[in-house]
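K.L.:
dropping a prediction and its sequence here:
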Amino acid sequence: MYRDTPHRFRARPAARAAGRGENVSVRIRPAVRGLSGLVAVLVAAGLAACGGTPPGSVQPVNTDSAPPDPVDAARTALAAVAALAQDHRFAALYHFAATGGPTRNVVATIAGDGSWRVDIAGGALDGTTDVSIVSNASGVYQCALPSLTNSVASGCVRVAAPGKAVPAAYDPGIERLFWQWLTVFTDRQAALSVSTAQPLPGSTGTCFSIDSINASLPAPVDVGIYCYGADGLLTAARVGFGVLTIAGPPVTPPAKVDLPGPITSGPALGTAEPPPPSSSQLSSQSTPSTPPSGTPVTVAPSN
């Protein structure tokens, strides 16, 4: 075995270097570099044998499929998450910041049997009375909820048939964000423009900007931004009348929701501020009445 030293390498004639004691490390590197050329030749030969395009005449790639449409992708993603939301069962606390008004607590419950209930602080009589909107197999009900600041009698009035919307006069609107628009979101034929949006503060998951594509007709939903978790949980929404944000982790819901009070004949509570009492009402409230016993009794002001 040779030990090539600089002295012996220089003394060896060039013609004999290839015959005896050649420096293997010097000769193997050109062979390795030549592999790339050999591979190129083999690939070219294979392409030619299969009818491919030979090197030197590369043609542009022709594809029949257009690049993905981001708008269509957002619409598809919204439909998918809305379908999950239709089957998602939970109970969670939210905060609702009304446009130009105070922040209120909202408790949403979607029960195991599909019935649902949304309790809304200040949801009636211009924010002075708490109400609950409840939907079950018998219909949709508006229920008055007594509170520390308003001792209104608890009672529920049927305001719509099963699955129908609450009439505008009694509708606080917040319950629509949880349930009513899901069937529209899953309808690919609905006149909606959908795109992904920046996350709303406090939200998790994906946010979608939703608008109507027909300015001459009423919007099919409350347009705005809706944010959903991967399981279909609504985590935030910003619409024209305020911003809804989840305030804590959801919990397991009950098997079904119950009405928070007895069913009454009504009337239901409106959303607007109640009108001031008329002069006749004031007069009757201040005039003593005489019961059959003859004992005068003053009628207490009604709440």
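P.N.:
Nice, I can see it.
K.L.:
residues in contact with the helix or strand hosting A83?
P.N.:
Secondary structure here is read from DSSP states H and E; on that basis A83 sits in helix 70-87. Outside of helix 70-87, the residues within contact range by CB atoms under 8 Å, 6 or more residues apart in numbering are 182-183, 185-188, 192-196, 205-206, 208, 210, 226, 228, 230-234. Quick note: C-beta positions are derived from backbone N, CA and C, even for glycine.
K.L.:
cool, and stretch 262-278?
P.N.:
123-126, 128-129, 131, 141-142, 144, 154-159, 169-172, 285.
K.L.:
buried subset of the residues you listed?
P.N.:
Restricting those to buried positions leaves 123-125, 129, 131, 141-142, 144, 155-159, 170-172, with burial counted as 16 or more other CB atoms under 10 Å.
K.L.:
ok so, going back, from the contacts of stretch 262-278, which land in strands?
P.N.:
123-124, 129, 131, 141-142, 144, 155-159 (DSSP state E).
K.L.:
now for those residues: which two are most distant?
P.N.:
Set against one another by CB to CB, the ones in strands among the contacts of stretch 262-278 have their most distant pair in T129 and R158, with a gap of 18.3 Å.
K.L.:
count of residues packed around the nearest residue to T99 once chain neighbours are set aside?
P.N.:
Nearest-residue entry for T99: G242, 5.1 Å, with adjacent residues in sequence omitted and distances by CB to CB, 6 or more residues apart in numbering. Counted with other CB atoms under 10 Å, the burial measure for G242 works out to 19 neighbours.
K.L.:
I'd say G242 and P102 touch.
P.N.:
No. In terms of CB atoms under 8 Å, G242 does not count as a neighbour of P102; the distance is 10.3 Å.
K.L.:
alpha carbons only: can I get the helix holding A83 in PDB?
P.N.:
Output of helix 70-87 as PDB, limited to C-alpha atoms (Å, rounded to 0.1, in the frame of the first residue of the first chain):
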ATOM      1  CA  PRO A  70     -60.700  31.900  -1.300                       C
ATOM      2  CA  VAL A  71     -64.300  33.200  -1.200                       C
ATOM      3  CA  ASP A  72     -65.700  29.800  -2.000                       C
ATOM      4  CA  ALA A  73     -63.400  28.200   0.500                       C
ATOM      5  CA  ALA A  74     -64.700  30.500   3.200                       C
ATOM      6  CA  ARG A  75     -68.300  29.700   2.300                       C
ATOM      7  CA  THR A  76     -67.600  26.000   2.400                       C
ATOM      8  CA  ALA A  77     -65.800  26.300   5.800                       C
ATOM      9  CA  LEU A  78     -68.800  28.300   7.200                       C
ATOM     10  CA  ALA A  79     -71.300  25.700   6.100                       C
ATOM     11  CA  ALA A  80     -69.200  23.000   7.700                       C
ATOM     12  CA  VAL A  81     -68.900  24.700  11.000                       C
ATOM     13  CA  ALA A  82     -72.500  25.700  11.000                       C
ATOM     14  CA  ALA A  83     -73.500  22.000  10.500                       C
ATOM     15  CA  LEU A  84     -71.400  21.200  13.600                       C
ATOM     16  CA  ALA A  85     -73.100  23.900  15.500                       C
ATOM     17  CA  GLN A  86     -76.500  22.500  14.800                       C
ATOM     18  CA  ASP A  87     -75.500  19.300  16.600                       C
END
